[in-house]
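Q: My questions concern the predicted model and sequence given below.
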Amino acid sequence: MKEINTIKKHNWFIRFLKKLIKTFRKKPDLILQNSNLPDKAIYFANHSGAAGPLTLSVYFPKYLVPWGAYPMTGHYITRWKYLYFVFYRQKIGYSKLRSFVLASLFGIISKTIYNGVKLIPTYPDTRLRKTISDSLLHLSKNNSLLIFPEDSSLGYQNEIEKFHSGFVFLAQEYYKKFKKHIPLIPLYYHKAKQQILTGKTYYLSDFDKKLKRNEITEILRQELNLLSI
């Protein structure tokens, strides 16, 4: 069986990077619906451009294992192409020059960073089974997950219009395997207000059994958007 780290802290490089970021970046306000956060949960969050994942990883008071695009775990050229063509140009809308510089620089250290935070790659095909398998293993070791279900094909939005349902599928698979419901917690980074907010904790048992996965996903999308107001 694949070994999963159960120590609730990042490696020395990520800890150094977080400390460095904190020296020149103001800490956002934490507004938590429940100050007694569970030991393990699925946190579903907004991406907020490039700022969300970084800010949540540095300042949220829980060890979070993120989901991320699978090209970012590949070789340098694969990472560079994803960063340049998809992330910076398509999703964020940066200029060609700015995208080229950022993709070239961040592409060098990105794999070290993603390995350090134990990023779980997500796939658009049958390899998603590996994503689910790795995620269940982390949850079994009490590691919380950080998932960005936003459909960002047209760019990142303050008020998210569409969610992918993979995180709800994961919660369903968790229940099938462990016969327990995993907490689903909305987590929002409000860049303009410099706030990190959590919403109400949900469980699959809170929803009518007749609801389909996409219907549950839509309800949770609306709940996350409420935090943006």
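A: Cool, got the structure. Residues are numbered from 1 along each chain as shown.
Q: neighbouring contacts of the longest helix anywhere in the chain?
A: Ranked by residue count under DSSP state H, the longest helix found in the chain is helix 96-116. With Cβ atoms under 8 Å, 6 or more residues apart in numbering as the test, helix 96-116 has contacts from 10-11, 13-14, 17, 68, 72-73, 76, 79-80, 83-84, 87-89, 94. Heads up, the C-betas are built off the backbone N, CA and C, glycines and all.
Q: repeat for stretch 87-94
A: Residues contacting stretch 87-94 (Cβ under 8 Å, 6+ apart): 49-50, 69, 96, 98-99, 102-103, 152-153, 155-156.
Q: Report pLDDT for the residue most central in space within the chain.
A: What sits nearest the mean C-alpha location of the chain, by Cα atoms, centre = their mean, is Ile147, with 3.1 Å. Model confidence at Ile147, given as pLDDT, is 97.
Q: So among the contacts of stretch 87-94, which ones count as buried?
A: Neighbour counting with 16 or more other Cβ atoms under 10 Å marks 49-50, 69, 99, 102-103, 152, 156 as buried within those.
Q: which one among the residues you listed gets closest to Lys162?
A: Ser152 (9.3 Å; Cβ to Cβ).
Q: Just the C-alphas of stretch 18-38, formatted as CSV.
A: C-alpha atoms of stretch 18-38 as CSV (Å, rounded to 0.1, in the frame of the first residue of the first chain):
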residue,chain,number,x,y,z
LYS,A,18,5.6,30.1,4.1
LYS,A,19,7.7,32.0,6.6
LEU,A,20,9.3,34.1,3.8
ILE,A,21,5.8,34.9,2.4
LYS,A,22,4.6,36.0,5.8
THR,A,23,7.4,38.5,6.1
PHE,A,24,6.1,40.7,3.3
ARG,A,25,2.5,39.7,2.9
LYS,A,26,-0.1,40.8,5.4
LYS,A,27,-2.1,38.1,7.1
PRO,A,28,-5.8,38.1,6.1
ASP,A,29,-8.5,38.1,8.7
LEU,A,30,-9.8,34.6,9.6
ILE,A,31,-13.6,34.5,9.9
LEU,A,32,-14.6,30.9,10.8
GLN,A,33,-18.1,29.7,11.1
ASN,A,34,-16.9,27.1,13.5
SER,A,35,-13.6,27.8,15.4
ASN,A,36,-13.4,24.1,16.3
LEU,A,37,-12.6,22.8,12.9
PRO,A,38,-12.7,19.0,12.4
